[in-house]
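*Asks:* No letters, just coordinates:
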């Protein structure tokens, strides 16, 4: 039961990262208040991904493909770092480089492909 709830958080977190990232890339005219909230949600979803991934890994330690999990963890940590930097720049009212979001989206899609295709 606990595993299924945690796995659901993990899946919802990745969908949130991709959805918010795409929204922020597509809608350039988003208000500053909404952009700050979405940046906070993006960062929170990325940190949720890392935390739930670590817990799932240790929960199912004997049943996982360690190379696959290692690749996903590296991508998740990269996503969390970039989302945090993006959020801090938004919070300081700076205009962050749009490449941050494109790398977050691309890495999220890559992590999802590694999870389901390998």
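*Replies:* That came in fine, so what should we check first? Just so you know, these numbers come straight off a predicted model, no measurement behind them.

*Asks:* residues contacting the residue nearest the centre of the chain?
*Replies:* For the chain, the residue nearest the mean C-alpha position is residue 46 (3.4 Å; C-alpha atoms, centre = their mean). By C-beta atoms under 8 Å, 6 or more residues apart in numbering, the contact set of residue 46 is 13, 17, 76, 79, 80, 82, 83, 84, 104. Quick note: C-beta positions are derived from backbone N, CA and C, even for glycine.

*Asks:* Looking at those residues, spot the one nearest residue 52.
*Replies:* residue 13 (6.5 Å; C-beta to C-beta).

*Asks:* does the closest one really touch residue 43, like I thought?
*Replies:* No. Contact criterion C-beta atoms under 8 Å: residue 13 and residue 43 do not qualify, at 11.4 Å.

*Asks:* if we can go back for a sec, just the buried members of the contacts of residue 46?
*Replies:* 13, 17, 76, 79, 80, 82, 83, 104 (16 or more other C-beta atoms under 10 Å).

*Asks:* what's the helix or strand for the last one?
*Replies:* This points to residue 104. helix 99-117 (DSSP states H and E).
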